[in-house]
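Asker: coordinates only, sequence not included:
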């Protein structure tokens, strides 16, 4: 027993250095499977009662990378109420909770094979098993409740790294540049994609809150979490010697962060947004409005409305929150689609204030979805493109950036 305790403690101490989002914390090459990079959620095209959810992990995964039997993934979906128009307060309900849980068997290590292991996923409603799927990683699996795809894919996230470093370094907001390079060019991730049939689950589609976590499948210790992607990178950034908070945040379970911790995270959000607000030399956020905004964001979950119409030519990311805060009159479907420029959404909100126009904050990344002359997005489930050829230098550059962004 002592040996097992020591083993698990060492494992946890190693994994506890990991963190969510692409450049959030200090993941290691040995345990990249714990690192949640992105969460996407949007109404399934052409299916009004279906939600598509994509969870990506292991940024810059090499060709030999694979899911681990030691790391499990969970996505929690809750129906949600809006409390107080103009106050941006949302209440995830404590019943009809949908949970997706996936675990893996390690692949065989036979010379000359491409075996990627097997996946086993369950859908539960209020802790009661509803449906399950299992099969080889890389195949599309389905039943009447949900569809599942897993495996290595081209990373759809796009960001201008120099642009991001200028903002988090509190230097300036760079001018638009249509030829700015995508820092995720040619890099890959491990992906879990789902289509969930709400009619089969006897649920009415409406306003939903989502968050995901990775955890040790043996000890059940929480390792990483993600709700609104990149919020920790900008909002909890430890500037100029401030106490790092990202690792602490990432080890909390979604939806149940204690009020004492929420207060600490909200204070950091207020400090950072106040600093970003001054990048153009103008104060856009009144203190009382900033307090309401950070109260909304600190309860970190992705919001999507299956009954709303998605905006076609602009980001839906944060549109539900912005409407609830009284910043816009009409929201889209919220959530996050693969093509949404979420960095522009966050920059506009943090730097430009309540009346900012998102188009003024576009990062100008050149051809974000294309690499080696073929598209990295698809119009069919699971919507992600095939893996791209990445170099050791590109993966090393990503790892260096991750290590410098605590």
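Answerer: Good, I have the coordinates. None of the values given here were measured: they were computed from a predicted structure. Numbering: from 1, shown residues only.
Asker: how distant is the helix ranked longest in the chain from the center of its chain?
Answerer: Looking across the chain with DSSP state H, the single longest helix is helix 259-277. Using Cα atoms, centre = their mean, to the nearest Å, the mean C-alpha position of helix 259-277 is found 20 Å from that of the whole chain.
Asker: Who are the packing partners of that helix?
Answerer: Secondary-structure packing of helix 259-277 (3 or more Cβ pairs under 8 Å, 6 or more residues apart in numbering; DSSP states H and E): helix 231-235, helix 246-250, helix 287-298. (C-beta placed from N, C-alpha, C; glycine too.)
Asker: And these: which comes nearest residue 357?
Answerer: Comparing the helices and strands packed on helix 259-277 against residue 357 with Cβ to Cβ, the closest turns out to be helix 287-298 (17.4 Å).
Asker: This structure: helices as residue ranges?
Answerer: Going by DSSP H, the chain shows helices at 2-15, 161-168, 231-235, 246-250, 259-277, 287-298, 319-324, 342-347, 392-403.
Asker: can you put these in CSV and add distance to residue 140, mean neighbour count and mean pLDDT?
Answerer: Converted to CSV, those look like this (distance: least, Cβ to Cβ, whole Å; neighbours: other Cβ atoms under 10 Å; pLDDT from 0 to 100):
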stretch, distance to residue 140, mean neighbour count, mean pLDDT
helix 2-15, 30, 12, 33
helix 161-168, 33, 19, 89
helix 231-235, 31, 24, 91
helix 246-250, 30, 21, 88
helix 259-277, 38, 17, 93
helix 287-298, 35, 18, 92
helix 319-324, 30, 23, 93
helix 342-347, 27, 24, 93
helix 392-403, 27, 15, 71
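Asker: do you know which of the ones you listed lies nearest residue 189?
Answerer: helix 392-403 (11.0 Å).
Asker: didn't residue 339 look like it was pressed against residue 369?
Answerer: Yes. Residue 339 is within contact range of residue 369, at 7.3 Å (criterion: Cβ atoms under 8 Å).
Asker: of those two, who's got more company?
Answerer: Higher neighbour count among residue 339 and residue 369: residue 369, with 16 against 13, using other Cβ atoms under 10 Å.
Asker: Model confidence at the more buried one, what's the number?
Answerer: For residue 369, the pLDDT comes out at 75.
Asker: quick one: contacts for it?
Answerer: By Cβ atoms under 8 Å, 6 or more residues apart in numbering, residue 369 lies in contact with 156, 158, 339, 375, 376, 377, 385.
Asker: among those, which ones are buried?
Answerer: 156, 158, 376, 385 (16 or more other Cβ atoms under 10 Å).
Asker: Save those as TSV, and put in distance to residue 40 and pLDDT too.
Answerer: Output for the buried ones among the contacts of residue 369, formatted as TSV (distance: Cβ to Cβ, whole Å; pLDDT from 0 to 100):
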residue	distance to residue 40	pLDDT
156	8	92
158	13	91
376	14	74
385	14	90
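Asker: Just those: which are in strands?
Answerer: Taking DSSP state E, every one of these sits outside strands.
Asker: Between all of those, which two are at the greatest distance?
Answerer: Spanning the widest gap among the buried ones among the contacts of residue 369 are 158 and 385, at 13.0 Å by Cβ to Cβ.
Asker: Residue 354 versus residue 285, what's the distance?
Answerer: Using Cβ to Cβ, to the nearest Å, residue 285 is found at 7 Å from residue 354.
Asker: So for the two, which residue has more residues nearby?
Answerer: Shown here are residue 285 and residue 354; by other Cβ under 10 Å, residue 285 has more neighbours (22 against 16).
Asker: In the protein, where is pLDDT below threshold?
Answerer: The model of the chain has pLDDT under 70 over residues 1-30, 85-87, 108-115, 370-375, 400-406.
Asker: helices or strands up against the strand ranked longest in it?
Answerer: Using DSSP E, we find that the single longest strand of the chain is strand 71-83. Contacts defined by 3+ Cβ pairs under 8 Å, 6+ apart place strand 71-83 against strand 50-57, strand 89-92, strand 98-105, strand 188-197, strand 207-216.
Asker: As JSON lines, these with distance to residue 344 and mean neighbour count would be great.
Answerer: Below are those laid out as JSON lines (distance: least, Cβ to Cβ, whole Å; neighbours: other Cβ atoms under 10 Å):
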{"stretch": "strand 50-57", "distance to residue 344": "20", "mean neighbour count": "24"}
{"stretch": "strand 89-92", "distance to residue 344": "23", "mean neighbour count": "18"}
{"stretch": "strand 98-105", "distance to residue 344": "29", "mean neighbour count": "20"}
{"stretch": "strand 188-197", "distance to residue 344": "21", "mean neighbour count": "24"}
{"stretch": "strand 207-216", "distance to residue 344": "21", "mean neighbour count": "24"}
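Asker: still on that earlier bit, can you tell which of the helices and strands packed on helix 259-277 is closest to residue 396?
Answerer: Short answer: helix 231-235, nearest of the helices and strands packed on helix 259-277 by Cβ to Cβ, at 20.1 Å.
Asker: about what we covered before: which one of the helices of the chain lies closest to residue 223?
Answerer: If we rank the helices of the chain by Cβ to Cβ, the stretch that ends up nearest is helix 2-15, at 5.0 Å.
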